[in-house]
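predicted coordinates and the sequence they were generated for:
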Amino acid sequence: MENITKQAYLSFRLSNELFAVNAFKVLEVLEQQYITEIPQTPDYVLGVINFRGEILPVFDTRRKFNMPARDEKQKFVIIVLDLVIDGQQVMIGTTADGVKDVIEIEEKEIKEVPEVGSSFNIEFLEGIIHRDNGFIMMLNVDKIYAEENVELMLQNVATAPQA
């Protein structure tokens, strides 16, 4: 009997595309959170939120992926992720237009991402799967946010003058 390895992934929508992240990286999905803006941060950093007493940076995933901006009135969710960046455990929030569901994926379903040119960094993707007449891109969130200096951002928030 063949040993089939399955992993759980949270699938979510950004514009008309489906993405998925390993469910073990997801702490919670939040709706309607007040986000405090941080001055002098990249445009894809929306600000910070209070999550269980911790200050978490929130990233606009559409901007991070160079996708069209969401309409200001359009609702979104914040996916709270538990990442390992440079050997350090870091929690962040990242936006999505909506969560679809938790799916189980067999390792053999995940295919390599084809080269699509130099404008897209495919190392951010673990792979791609074909499901229900469409594709789901499997994100490697540790690599996506590895370039962000999250700790420095949070230090700037802590030392910023209070209004």
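Cool, got the structure.

assign the closest residue to K25 other than its chain neighbours to helix, strand or coil.
Once flanking residues are discounted, K25 sits nearest to L81: 5.1 Å by Cβ to Cβ, 6 or more residues apart in numbering. For the C-beta atoms, the positions are set from N, CA and C on the backbone; glycine is no exception. Put simply, L81 is strand when judged by DSSP: H, G, I helix; E, B strand; the rest coil.

which residues sit in contact with L81?
Applying Cβ atoms under 8 Å, 6 or more residues apart in numbering, we find L81 in contact with V21, K25, V26, L27, M91, I92, G93, T94, V141, Y145.

what about the strands in the chain?
Taking DSSP state E as the test, the strands found in the chain are 6-14, 17-22, 26-31, 45-51, 54-59, 77-85, 88-96, 98-106, 125-131, 134-139.

outside of the second one, which residues touch it?
The set of residues that contact strand 17-22 without belonging to it, under Cβ under 8 Å, 6+ apart, is 7-13, 67, 79, 81, 96, 100, 103, 105, 129, 134-139, 141.

residues in contact with the residue lying closest to I110 once chain neighbours are set aside?
Nearest non-adjacent residue to I110, counting by Cβ to Cβ, 6+ apart: G127, 3.7 Å away. By Cβ under 8 Å, 6+ apart, the residues touching G127 are I110, K111, E112, V113, M138.

quick one, which of those are buried?
Buried subset of the contacts of G127 (neighbour count, 16 or more other Cβ atoms under 10 Å): I110, V113, M138.

residue contacts, the second one?
Applying Cβ under 8 Å, 6+ apart to V113 gives the contacts I122, L125, G127, I128, M137.

neighbours of the spatially closest residue to the last one that is not a sequence neighbour, how many?
Same thing as M137. For M137, ignoring the flanking residues on the chain, the nearest one in space by Cβ to Cβ, 6+ apart is F19 at 5.0 Å. By other Cβ atoms under 10 Å, the residues close to F19 number 21.

and F19, bridged to which residues?
Per DSSP bridges, the residues bridged to F19 are F12, M137.

and the gap between it and Y9?
Distance of F19 to Y9, computed by Cβ to Cβ, to the nearest Å: 9 Å.

what's the overlap in contacts for those two?
Contact criterion Cβ under 8 Å, 6+ apart; residues bridging F19 and Y9 by contacting each: M138.

follow-up on the earlier one: now the contacts of L81 in CSV, please, with extra columns for distance to P57, pLDDT and neighbour count.
Formatted as CSV, those follow (distance: Cβ to Cβ, whole Å; pLDDT from 0 to 100; neighbours: other Cβ atoms under 10 Å):
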residue, distance to P57, pLDDT, neighbour count
V21, 17, 95, 21
K25, 16, 94, 18
V26, 16, 96, 19
L27, 14, 96, 15
M91, 9, 91, 17
I92, 6, 92, 24
G93, 7, 94, 25
T94, 9, 94, 26
V141, 13, 87, 23
Y145, 9, 81, 19
